[in-house]
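Asks: mind folding the following:
(one chain, ligands or ions: 2)
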Amino acid sequence: MNAPNAGAPALWPAPLAPSPVDAVLSVPGSKSLTNRYLVLAALTEGRSRLRAPLHSRDSELMVSALRALGATVTEAEGTGAFGPDLLIDPPQAAASADPRHVDCGLAGTVMRFVPPLAALLRGSTSFDGDPHARTRPMSAIIDALRTLGVGIDDGGTGSLPFTVSGSGQVAGGKLEIDAGASSQFVSALLLAAPRFEQGLHLIHTGSVLPSPDHIAMTVSVLRSVGVEVDDSVPFQWRVAPGPVAAFDVTIEPDLSNAGPFLGAALVTGGTVRVTGWPEKTDQVGDKWRSILPALGASVSLSDGTLTVTGTGTIHGAELADTSELAPTVAALLALADSPSVLTGIAHLRGHETDRLAALVTEINRLGGDAEETADGLLIRPAALHGGTWETYADHRMATAGALIGLAVPDVVVRDIGTTAKTLPEFPELWQQLTDSAVS
Ligand SMILES: O=C(O)C1=C[C@@H](OP(=O)(O)O)[C@@H](O)[C@H](O)C1
Ligand SMILES: C=C(OP(=O)(O)O)C(=O)O
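Replies: Ligands and ions are numbered 1, 2, ... in the order given. Have a look, this model is predicted:
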């Protein structure tokens, strides 16, 4: 697929907000929900429908992966503002002849969630991705599938590229893994587990389990389509085997991607309203409702609209387990008036880039004062100046640079087009946001 913002400039002068923003915005569908429901749709016995799904590089890679496995994915007119609905028919044996190939791009959800699906098919499926994808942690899922009796040839690397040789079935049963490097190892196995012969009793044995909200989301998504999941024992999950019923779901807006827009209210002392905010959700982005007040904003949720108003002054904070929100949080804290500590995010070193190193390098390049710790960041107040903000193929580094550029003159973000990973509309939506700050 051509990324919708592939024509974006290589060097993007981040717009400076001349006055407080005052904007009402909606954002496209959740990456995490879209790609979970796509995976589940491939495991059903009928046609499923995703309404208002995300259309981005990561979701397109997932659609292509399902097609490579023999599923049929078509578009249907929908009511979502950001593109058509998706209709998914699961793979038919005749349509999934091997050898197959899956391009994972840089999508963690594709590289972790799809190998267990390939293991359920007969024949071989090879997996590879972008250059940096080869450095992202994969060994927990490779080892787990091997323990379940699935053949995997990874040339001894424990990473991409590798080939999965499926026999058409996976026994399942009890399985121990260390998911310390990514919650996606747990989610990947739970999503495919209803189709394992004996279901799955998964036990996380490590001392740290990152991004627990994303695992909770996987459990609720499974339950929403009728799969029985027992998560009553901490760090253990039991998934009952059985058919998965076809479904028709509406995807919530991506609350993590709403973050940079909401953050603009704090940076400029303005107001941003994001529509379509769910009353109840499993998305980690719902944490903006507690994070942004800790930084000095007022936040309210009423009739599905989240309203954030800033004072123009951002306070430092101690925040744990911010997961994929951390780059946006760090950008805000780089503009704060007191020191901050972020903890519980050591695993960000295995994200799209080493996010801890990238954030420290880029904040300090602009005159900031950031430092890595064993499991997070220290960020102290400093006067920032303009410069080039490198993004390392990381969509959240790009949006973090844009956020800082609202307040700091002459920030230039390299490769704003990388936002196509989860939010191809970012440059246009950001324009809409900054246009609301009248000079
Ligand atoms: O399952 C998911 O949809 C995700 C899980 C998290 O991964 P990690 O546990 O690797 O942080 C998160 O950071 C990522 O953006 C999306
Ligand atoms: C870590 C992220 O993505 P991925 O799904 O590729 O792991 C992210 O979007 O912040």
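Asks: let's verify the closest residue to ligand 2 within the stretch 201-350 of the chain: helix, strand, or coil?
Replies: Closest approach between the stretch 201-350 of the chain and ligand 2, counting by C-beta to the nearest ligand atom: residue 324, at 3.6 Å. To be clear about C-beta, it is placed using only N, CA and C from the backbone, and glycine gets the same treatment. Put simply, residue 324 is helix when judged by DSSP: H, G, I helix; E, B strand; the rest coil.
Asks: residue contacts, it?
Replies: Residues near residue 324 by C-beta atoms under 8 Å, 6 or more residues apart in numbering: 211, 256, 284, 351, 396.
Asks: show me what residue 176 is bridged to.
Replies: Taking DSSP bridges as the rule, residue 176 bridges to residue 203.
Asks: ligand 2 contacts on the protein?
Replies: Neighbours of ligand 2 within the chain, by C-beta under 6 Å from any ligand atom: 107, 108, 109, 324, 351, 352, 396, 422.
Asks: and the furthest pair within these?
Replies: Using C-beta to C-beta, the residues of the chain next to ligand 2 span at most 14.7 Å, a distance reached by 109 and 396.
Asks: those two: which is more packed in?
Replies: Between residue 109 and residue 396, counting by other C-beta atoms under 10 Å, residue 396 is the more crowded of the two (31 against 25).
Asks: part of a helix, is the more buried one?
Replies: Yes: assessed with three-state DSSP, residue 396 lies in a helix.
Asks: and residue 58, that's in a helix?
Replies: Yes: with three-state DSSP as the criterion, residue 58 is part of a helix.
Asks: wait, it sits on residue 107?
Replies: Yes: Residue 58 lies in contact with residue 107 (C-beta atoms under 8 Å); the separation is 4.2 Å.
Asks: need the residues touching each of these two.
Replies: With C-beta under 8 Å, 6+ apart, residue 58 and residue 107 have common neighbours 35, 421.
Asks: of those two, which one has the most company?
Replies: When residue 58 and residue 107 are compared for neighbours, residue 107 comes out ahead with 28 against 24, by other C-beta under 10 Å.
Asks: the more buried one against residue 63, yeah?
Replies: No: the criterion here is C-beta under 8 Å, and residue 107 misses it with residue 63 at 11.2 Å.
Asks: for ligand 2, give me its nearest residue in this structure.
Replies: Closest point on the chain to ligand 2, by C-beta to the nearest ligand atom, is residue 108, at 2.5 Å.
Asks: how much space separates the residue of the stretch 201-350 of the chain closest to ligand 2 from residue 214?
Replies: As for residue 324, its distance to residue 214 is 8 Å (criterion: C-beta to C-beta, to the nearest Å).
Asks: list residues touching both of these two?
Replies: residue 284.
Asks: residue 140 - how many residues pack around it?
Replies: A total of 23 residues lie near residue 140 under the criterion other C-beta under 10 Å.
Asks: just residue 155 next, same as before
Replies: Neighbour tally, residue 155, other C-beta under 10 Å: 9.
Asks: so who does it touch?
Replies: Contacts of residue 155 by C-beta under 8 Å, 6+ apart are 161, 162.
Asks: state the helix or strand in which it lies.
Replies: Under the criterion of DSSP states H and E, residue 155 resides outside all helices and strands.
Asks: any idea how far it lies from residue 142?
Replies: For residue 155, the distance to residue 142 - C-beta to C-beta - is 11 Å.
Asks: wait, what's in contact with residue 311?
Replies: 266, 269, 296, 297.
Asks: any chance of these in TSV, plus neighbour count, distance to ligand 1 and secondary structure?
Replies: Shown next, in TSV, are the contacts of residue 311 (neighbours: other C-beta atoms under 10 Å; distance: C-beta to the nearest ligand atom, whole Å; DSSP: H, G, I helix; E, B strand; the rest coil):
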residue	neighbour count	distance to ligand 1	secondary structure
266	27	22	helix
269	18	30	coil
296	18	26	coil
297	24	23	coil
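Asks: is the closest residue to residue 389 other than its chain neighbours part of a helix or strand, or is it coil?
Replies: Take residue 389 and drop its neighbours on the chain: the residue closest to it by C-beta to C-beta, 6 or more residues apart in numbering is residue 401, 3.4 Å away. Secondary structure assignment for residue 401 (three-state DSSP): helix.
Asks: ok, residue 401 touching residue 365?
Replies: No: between residue 401 and residue 365 there is no contact under C-beta under 8 Å: 10.5 Å.
Asks: ok, which stretches of the stretch 51-200 of the chain are strands?
Replies: Remark: strands assigned in the stretch 51-200 of the chain by DSSP state E, counting those that start in this stretch are 72-76, 85-89, 100-103, 122-128, 151-153, 162-167, 173-177, 200-204.
Asks: wait, which of the ones you listed is closest to ligand 1?
Replies: So among the strands of the stretch 51-200 of the chain, strand 200-204 is nearest, using C-beta to the nearest ligand atom, at 11.9 Å.
Asks: quick one: buried residues of that closest one?
Replies: 200, 201, 202, 204 (16 or more other C-beta atoms under 10 Å).
Asks: so can I have a markdown table of the residues you listed showing pLDDT and distance to residue 224?
Replies: Shown next, in a markdown table, are these (pLDDT from 0 to 100; distance: C-beta to C-beta, whole Å):
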| residue | pLDDT | distance to residue 224 |
| --- | --- | --- |
| 200 | 98 | 18 |
| 201 | 98 | 21 |
| 202 | 98 | 19 |
| 204 | 98 | 23 |
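Asks: of all the residues you listed, which two lie farthest apart?
Replies: Checking the buried residues of strand 200-204 with C-beta to C-beta, the most distant pair is 200 and 204, at 12.5 Å.
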